[in-house]
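*Asks:* Give me a model of this one.
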Amino acid sequence: MKLACNIDAQGSSVRGTIGTLIMLLAILLALAAWLTGWNWLWWPTAGCTVAAAALLFQAANSWCAIRAMRGKIGN
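*Replies:* Numbers count the residues shown, from 1 in each chain. Prediction:
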């Protein structure tokens, strides 16, 4: 299934930047969890990793999931 481009270059750039920053946060959380032994930190690490992957996917494809759902929900 081909994703239709629904965001411009600026939106794609913003998603890429935020996705990269969240991925860096995930790496820092994983490092902290590993070094301190605080196992509860793996949950926010996983959440940040999933969020970053979604944002980076959207940036790479110039596609926004929320915009794609517009008109399909609540009508």
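*Asks:* The longest helix that the chain contains - contacts with which helices or strands?
*Replies:* Longest helix of the chain, by residue count under DSSP state H: helix 9-36. Helices and strands in packing contact with helix 9-36 are listed as helix 42-61; criterion 3 or more C-beta pairs under 8 Å, 6 or more residues apart in numbering; DSSP states H and E. Placement of C-beta: from N, CA and C, glycine included.
*Asks:* Mind listing residues that contact the helix it packs on?
*Replies:* Surrounding helix 42-61, the residues in contact under the criterion C-beta atoms under 8 Å, 6 or more residues apart in numbering are 3, 5, 7, 12-13, 15-16, 18-20, 22-23, 25-26, 29-30, 33, 64-65.
*Asks:* I'd like to know which of these are buried.
*Replies:* For the contacts of helix 42-61, a burial check counting by 16 or more other C-beta atoms under 10 Å picks out Ile7, Ser12, Arg15, Gly19, Ile22, Met23, Leu25, Ala26, Leu29, Ala30, Ala33, Cys64.
*Asks:* coming back round to it: from the chain's centroid, how far away is the longest helix of the chain?
*Replies:* Taking C-alpha atoms, centre = their mean, to the nearest Å, one finds helix 9-36 lying 8 Å from the centre of the chain it belongs to.
*Asks:* mean confidence for it?
*Replies:* Averaging the model's pLDDT scores along helix 9-36 yields 96.
*Asks:* what's the angle between that helix and helix 42-61?
*Replies:* Relative orientation of helix 9-36 and helix 42-61, computed by axes from the mean of the first three to the mean of the last three C-alpha atoms, to 10 degrees: 160 degrees.
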